[in-house]
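Visitor: Sharing a model prediction with you, sequence too.
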Amino acid sequence: MSAENSKKSIFITGAASGMGLSTARLFAEGGWFVGCYDTNAQGLEALAQELGSSQCLTRRLDVTDRADYAVALAEFSDATSGQLDLLFNNAGVAVSGYFDEQSFDDILSVVNVNFVGVMNGIHLATPLLKATDNSLCFTTSSSSATYGMPGIAVYAATKHAVKGLTEALSIEFARFGVRVADALPGLIDTPMVPDKMKRGAAAEGMFRLISPLEVARAVWASYHDDPQRLHWFVPEEISQLDKASALDPEGTRSQVAGQISVEAWTRS
């Protein structure tokens, strides 16, 4: 991509699969230049071949490596003449099981990718966002940010943190015209969700199995259709859980305990 390119641009972490991959495809189809970043080099190579070099820039990136993240953003900026219309902080990992039975190294890995990695991206990309009119900082949170989910306690904690950061920065960043929003997906058909949980998903309701394309469409709509909206619930019924947890946390605890088990998050 040349520096003279005038396409809108999006920087996506976790782009090699799932929601990131669907978002990369959707925005490329919409005529955007897409920066695709992931630790999955093979997936990135396939995506680069699919989208073409004029449409995308791919690069291996561990979002916890702040120095390398800065280099990746500098390379992206060179390709877009210093513009960044949409930063999509999407990379995430989960370690499932009982909290007290997990190694602390595994716990820290989830915190570092899901929250520190998000802060790295936002903090480093802010100058580019400031330099771009009508830019948007968008992050993947989770339905587990509405109420802490058993079996993925640390994952849920990081997503609560992402939700809170989004709310705070949506106020702070307004002073220089950068919009901030997030998605709170429910049960999305991605490699992160165990097959056992997918097979047991409800046929309808807030925890039915959803295509990752629905999250991609929420990212698209957040930029194009509803610039004032803060939280994008996918599916929309997730908002009911968010309201219930605020109004009746104890009742919500009983509901969650009766519907979701730690064993549901196992891979077998």
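Guide: Arrived safely, thanks for sending.

Visitor: where along the stretch 51-200 of the chain do the helices fall?
Guide: 66-79, 104-111, 117-130, 153-172, 195-199 (DSSP state H, counting those that start in this stretch).

Visitor: CA atoms only: put the longest one into PDB for me.
Guide: The reference is to helix 153-172. C-alpha atoms of helix 153-172 as PDB (Å, rounded to 0.1, in the frame of the first residue of the first chain):
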ATOM      1  CA  ALA A 153     -13.000 -16.300  36.400                       C
ATOM      2  CA  VAL A 154      -9.800 -14.500  35.300                       C
ATOM      3  CA  TYR A 155     -11.000 -14.100  31.700                       C
ATOM      4  CA  ALA A 156     -14.200 -12.500  33.100                       C
ATOM      5  CA  ALA A 157     -12.200 -10.200  35.300                       C
ATOM      6  CA  THR A 158     -10.100  -8.900  32.400                       C
ATOM      7  CA  LYS A 159     -13.300  -8.300  30.400                       C
ATOM      8  CA  HIS A 160     -14.800  -6.400  33.300                       C
ATOM      9  CA  ALA A 161     -11.600  -4.300  33.200                       C
ATOM     10  CA  VAL A 162     -12.000  -3.700  29.500                       C
ATOM     11  CA  LYS A 163     -15.600  -2.600  29.900                       C
ATOM     12  CA  GLY A 164     -14.600  -0.200  32.600                       C
ATOM     13  CA  LEU A 165     -11.700   1.200  30.600                       C
ATOM     14  CA  THR A 166     -14.000   1.700  27.600                       C
ATOM     15  CA  GLU A 167     -16.500   3.700  29.700                       C
ATOM     16  CA  ALA A 168     -13.800   5.900  31.200                       C
ATOM     17  CA  LEU A 169     -11.900   6.500  28.000                       C
ATOM     18  CA  SER A 170     -15.100   7.300  26.100                       C
ATOM     19  CA  ILE A 171     -15.300  10.400  28.400                       C
ATOM     20  CA  GLU A 172     -11.600  11.200  28.400                       C
END
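
Visitor: between that helix and helix 117-130, how many degrees?
Guide: For helix 153-172 against helix 117-130, the angle by axes from the mean of the first three to the mean of the last three CA atoms, to 10 degrees is 20 degrees.

Visitor: which outside residues touch helix 153-172?
Guide: When contacts are defined by CB atoms under 8 Å, 6 or more residues apart in numbering, helix 153-172 is touched by residues 89, 92-96, 99, 102, 107, 110-111, 114-115, 118-119, 122, 137, 139-142, 144-145, 147-149, 179-182, 184, 230-231. From N, CA and C alone the C-beta is placed, and that goes for glycine too.

Visitor: related to what we said a few turns ago, mean pLDDT and mean neighbour count added to the helices of the stretch 51-200 of the chain, as JSON lines?
Guide: Output for those, formatted as JSON lines (pLDDT from 0 to 100; neighbours: other CB atoms under 10 Å):
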{"stretch": "helix 66-79", "mean pLDDT": "98", "mean neighbour count": "17"}
{"stretch": "helix 104-111", "mean pLDDT": "98", "mean neighbour count": "14"}
{"stretch": "helix 117-130", "mean pLDDT": "98", "mean neighbour count": "20"}
{"stretch": "helix 153-172", "mean pLDDT": "98", "mean neighbour count": "19"}
{"stretch": "helix 195-199", "mean pLDDT": "68", "mean neighbour count": "13"}
